[in-house]
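S.K.: Next comes the sequence, and after it the predicted model I'd like to discuss.
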Amino acid sequence: MSVETIVFTEDHPSLQGEWVYDSDSGGLRSNAITHGQNTTLIIDPFKGEAAGSSAVKVTLQARVSSEPNYDKLRVTVKGASEIYYGEVDWFDISEVLASGEVITLEYFKDTSGDKGEDAAFIRRLEFAYGTEVANAVTSDNLEGDWNYDPNNVAFKSKDIGDNESSIALLDIASFGIDDVVLAILEVRASMEKNADKLLISHNGSDRVVTGDSGWVKVPVNIPDDGIIRLSFIKDSSVSTYEDAAYIKTVYVVDGGAEVVPVGLFSLNLGVSDLGYYPFTSSRIPNPSAIKADGRSLMASTVDLVTGIGVIDQIDGSGANGTPTGGVSDPARMGVIAGTVLDIQAQPVSRRVRVHERATGRIVRETWSDADGKYRFTDLDPRRAFYVMAFDHTLQQNAVVSDNVHSEVEDSP
C-alpha cells in the first residue's frame, strides 16, 4: 500500500479551487467571500500519485465556524451531500472513491449576517491506494440467500417477486488479511433500471448498481466488523433482463503490502553481506528497537537460504532506501528534532519513538541525551508521523506529538 500525505503549503494537482493555506490548522481554509457568494474546493485523488489506480481511500478532517443555519459547509461525495453549520469542531471524513469520483467541499453564505470565523477548514488529507489482490467469492465468505451460478461463475441473488429482497453478507475479514484498506467488488446488475437495484451497504453512503450494467467494479469502505451487505431489491411491478444481481470477485488493497522497502541481508554463513537486495521485503508492522541507522532485525528468506535480514527503514517512508542506510533523494532528508522535559519542565533522557501515522509502524527509536534533546534524520517530509516519549521511571505518562512532518534542512 502507498499513502500520499498532502502538504498544503505546496500546490497539488489533486486540489482544485479557491481555498487557501491556513497556518493555524496546518491545512486549508475557505477563501474569503461576502454575502450571497460561495467558494469551492474539489479533491480529486487521481490527479496525484494515485493516478492510474482504480480506487483510492481518502481520509481528512474538516470543521466549520459560521452563522448557524445560514452560512454552511456542504460536503458532496458520489452525489450525496452533508451540510454543516455553526461551530462544528474537527470531524473525520473517510471515503473510498472510484476513478473519476471526487469530494467537493463548498462553503456558501446567505444574504446577511456573520458569525464565528466565517469559514470552513480541512487538514490531515491522505490518499491510500495500492496493488489490488483478487479474491474469489465463495460460500466461506458469503452468507445469505444468494447461490452459486456456474453459468456466470458467480454468486447470484435468489429469485424473488415484487416488493421483495434478496440479501447476502460478504465477510471481508474471512480473506485472512488483517489490514484491508479498501475493497473493490466485481458485481453485475441485470434488472429494471432505477426501479430495481443492487444496494451495497458499507462504511459510507450506499452504492447502487441498476439496469443491465455488465460487470463493474465498485469500491467500498470497510466497516469495523468487516461485513458488506448486498441487497437485490425489487419494486412493485415490471421485470426486465435476468431480474438478478451477481458478485464474483473481491479485490482488496492490503495496508501491509508495499510498505516496507527493499532490504540488506546478511546470511551469517561466514560470508560477507549480500548488499542491496532488489525485492520487497516482508512487512514489519512494529519491529523491535530500531537502531540509529534505521535498521531492525528480522528472520527472512533469500532464495532457499534462511538467515538474519536487515531491513532498511532509514527514510521512514517504505521506499527509496539505499544499501548504506541513507536516502538517495536529498529532498527527502527530513529532520524531526525536539527536547524531552519532565513534569518539572526539566530536560531528561527518555526513550523516544517515531511512528508512521498512516500505519503505526515504528520508523525511528532513540534516547534523548542528558539535555533532553533528540534528533531523527532522513525522514520523508511528505509523510505524517507521531512522536512518543516514554518515562521508564513511570512518574509520567507517555507524551505524544501528533501529525508531525519532518523538515529538510539547508545542508542535510
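M.R.: Cool, the structure landed. All figures in this text were calculated on a predicted structure; none of them were measured in a lab.

S.K.: Apart from its chain neighbours, what residue comes closest to Val102?
M.R.: Among residues not flanking Val102 along the chain, Asp44 sits closest, at 4.6 Å (CB to CB, 6 or more residues apart in numbering). (Each C-beta comes from the backbone N, C-alpha and C, glycine too.)

S.K.: Now do the contacts for the one you found.
M.R.: 13-14, 16, 102 (CB atoms under 8 Å, 6 or more residues apart in numbering).

S.K.: Give me the contact list for stretch 167-177.
M.R.: Outside stretch 167-177, the residues that touch it by CB under 8 Å, 6+ apart are 133, 135, 137, 140-146, 155, 157, 180, 183, 185, 222, 225-232, 247, 250, 252, 254, 256.

S.K.: any idea how far Pro68 is from Phe175?
M.R.: Per CB to CB, to the nearest Å, Phe175 is found 45 Å from Pro68.

S.K.: ok, those two, which is more surrounded?
M.R.: Phe175 (19 against 13; other CB atoms under 10 Å).

S.K.: Quick check: phi and psi at the more buried one.
M.R.: Main-chain dihedrals, Phe175, degrees, to the nearest 10: phi -80, psi -10.

S.K.: Check it and give its pLDDT.
M.R.: Listed pLDDT for Phe175 reads 79.

S.K.: Name the SS class of the residue minimising distance to the centre of the chain, please.
M.R.: Taking CA atoms, centre = their mean as the criterion, Ala128 is the residue nearest the geometric centre of the chain, at 3.8 Å. The three-state label given to Ala128 by DSSP: H, G, I helix; E, B strand; the rest coil is strand.

S.K.: Now do the contacts for the residue nearest to Asp22 when sequence neighbours are not counted.
M.R.: Counting by CB to CB, 6+ apart, the nearest residue to Asp22 once its immediate chain neighbours are dropped is Arg29, at 3.7 Å. Arg29 sits next to 19-22, 119-121 when contact means CB under 8 Å, 6+ apart.

S.K.: beta partners for Arg29?
M.R.: Beta-bridge partners of Arg29, counted by DSSP bridges, are Val20, Phe121.

S.K.: In this structure the residue nearest to the centre of the chain contacts Ala358, no?
M.R.: Yes. The criterion here is CB atoms under 8 Å, and Ala128 meets it with Ala358 at 6.9 Å.

S.K.: shared neighbours, the two?
M.R.: Val3.

S.K.: can you tell me how far Arg351 sits from Gln61?
M.R.: In terms of CB to CB, Arg351 sits 29 Å off from Gln61.

S.K.: and Gly204, how far is that from Asn31?
M.R.: 28 Å.

S.K.: Could you check which of the two is surrounded by more residues?
M.R.: Regarding Gly204 and Asn31, a neighbour count based on other CB under 10 Å identifies Gly204 as having more, with 20 against 16.

S.K.: Could you find the closest non-adjacent residue to the more buried one?
M.R.: Among residues not flanking Gly204 along the chain, Asn221 sits closest, at 4.4 Å (CB to CB, 6+ apart).

S.K.: what about the one you found, how many neighbours?
M.R.: Asn221 is flanked by 20 other residues according to other CB under 10 Å.

S.K.: Contact partners for it?
M.R.: So Asn221 contacts 57, 94-96, 182, 202-204 (CB under 8 Å, 6+ apart).

S.K.: for Val58, same thing?
M.R.: By CB under 8 Å, 6+ apart, the residues touching Val58 are 43, 45, 93-97, 103, 125-127.

S.K.: Phi first, then psi, for it.
M.R.: When read as degrees, to the nearest 10, the backbone of Val58 gives phi -110, psi 130.

S.K.: how far away is it from Ile6?
M.R.: 10 Å.

S.K.: Overlap of the contact sets of those two?
M.R.: Taking CB under 8 Å, 6+ apart as the criterion, Val58 and Ile6 both touch 125-127.
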